[in-house]
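S.K.: just a sequence and a predicted model for now, questions to come.
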Amino acid sequence: MILYEMKGVKQVFDDRTVLDIDHLEISAGRSYALLGPNGCGKTTMLHILAFLRPPTCGVVHFRDREVDWRKKFLTALRRQVVLVDQHPIMFTNTVLKNVEYGPRMRSVPAGERRKIAEECLDRVGMREFAPRPAHLLSGGETQRVAIARALACSPDVLLFDEPTAGVDVENQAVIEGIIQDIRKENGISVIFSTHKRLEASRLAQHRIFLFEGKLTGPGGENLFSGTVVKRNGRTVCVIGGKVELDVSAGPLGPARVFIKPEGVRILRPDQEPHKPSEGLVSAEVIQLTAEGDYVKVLLDMGVPIRALLSREEARLSRFLVGDRVHVAFEDGAVQVSA
């Protein structure tokens, strides 16, 4: 079942487009990680998915129904979806009262909401903290209480904005375990943003990568700082101080570069490029990793770059770690922005 569908969604702040999604579908009962650098639109997307902010334009569907952003229609939607912020704010009363807040707003009787709150605190290992002042907790403890407070609302969807950012290692492990259990035991759909690729691999069944507010292809690596220059009549982007990539004519100077992993072609030294105009870069195969229906190839071409091959392509290529290869780039694989 499709949980969310976004079509032509844009969010613009002060004439700057921070989110630009042509089309995205998110399935119910699954876990998704939003990955990308700072300022790529992750938090903005979470706010739209939580029905906290309407997009500037475009259409969002939730459970096959178009979202009506008028206030009188949002309350019912917000009761199904809860966002746990990166820095949750606790009310200046006890931990128990904080967790009881959601059920109280839903007119749940006092005895029942206390039971719900205590059960949710048990889920996150914070029951003994119930009588303590919530605003005096540590960062990791606050995050766990915030998760309990969200669970007490009995949501169908839980959204997390950087759930383990700035959290000590012990609490990080606990929070990751809670997020995994929420989906497995409760069937709650989970969507979280993170900078940590290993965390995304551990917790998410699917990954969504954003760059400059737009969706990128599978993998999501290959982000570089570079400089666009003119060289012998060519326009090239220099990354790592030595690797030159041909790019379309555009503004010269500092640039951010994204190379689509699925647009990276790996050739043996005796293979010819498909087109004479394709520039070749020498590289060494460093690592091969199976990821679902794909094989990810880590290459050293002066800077680390990842390519994404189908399993059939990987089988036929017979690349091994240590092999010297040439790297070419399909049209549109190298994306440069100022």
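M.R.: Here it is on my side, so go on. Numbers count the residues shown, from 1 in each chain.
S.K.: wait, G240 touches V257, no?
M.R.: No. Under the criterion of CB atoms under 8 Å, G240 makes no contact with V257, lying 10.3 Å away. C-beta: built from backbone N, CA, C; applies to glycine.
S.K.: so between these two, which is more surrounded?
M.R.: V257 (21 against 14; other CB atoms under 10 Å).
S.K.: surely the more buried one forms part of a strand?
M.R.: Yes. Per DSSP: H, G, I helix; E, B strand; the rest coil, V257 lies within a strand segment.
S.K.: how far away is it from V297?
M.R.: From V257 across to V297, the span is 19 Å (CB to CB, to the nearest Å).
S.K.: what's the answer for E5, then?
M.R.: Distance, E5 to V297, by CB to CB: 32 Å.
S.K.: more crowded one of those two?
M.R.: V297 (26 against 17).
S.K.: now the nearest residue in space to the more buried one that is not next to it in sequence: how far from A328?
M.R.: Spatial nearest neighbour of V297, chain neighbours left out: A307 (4.5 Å); criterion: CB to CB, 6 or more residues apart in numbering. Going from A307 to A328 by CB to CB gives 10 Å.
S.K.: more crowded one of the two?
M.R.: A307 (30 against 18).
S.K.: make sure the more buried one is actually in contact with V264.
M.R.: Yes. With contact defined as CB under 8 Å, A307 and V264 form a contacting pair (3.7 Å).
S.K.: shared neighbours of the two, anything?
M.R.: Shared contacts of A307 and V264 (CB atoms under 8 Å, 6 or more residues apart in numbering): L299, V327.
S.K.: re earlier: which neighbours do A307 and A328 have in common?
M.R.: V264, R265.
S.K.: overlap in contacts, G240 and V257.
M.R.: F224.
S.K.: quick one, phi/psi of G240?
M.R.: Backbone torsions of G240, given as degrees, to the nearest 10, read phi 70, psi 10.
S.K.: skipping adjacent residues, who's closest to it in space?
M.R.: V303 (3.8 Å).
S.K.: contact partners for C40?
M.R.: Counting by CB under 8 Å, 6+ apart, C40 has contacts L210, F211, E212, G213.
S.K.: got TSV for these, with distance to R202 and neighbour count too?
M.R.: Shown next, in TSV, are the contacts of C40 (distance: CB to CB, whole Å; neighbours: other CB atoms under 10 Å):
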residue	distance to R202	neighbour count
L210	20	24
F211	22	21
E212	27	18
G213	26	21
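S.K.: can you list which of those are found in strands?
M.R.: Of these, the ones assigned to strands by DSSP state E are L210, F211.
S.K.: nearest to V59, of the contacts of C40?
M.R.: Relative to V59, the closest of the contacts of C40 is G213; by CB to CB it sits at 17.3 Å.
S.K.: from G332, how far off is that closest one?
M.R.: G213 is 18 Å from G332, by CB to CB.
S.K.: cool, and V247?
M.R.: 11 Å.
S.K.: ditto for R306
M.R.: Distance of R306 to G332, computed by CB to CB: 17 Å.
S.K.: perfect, that will be all.
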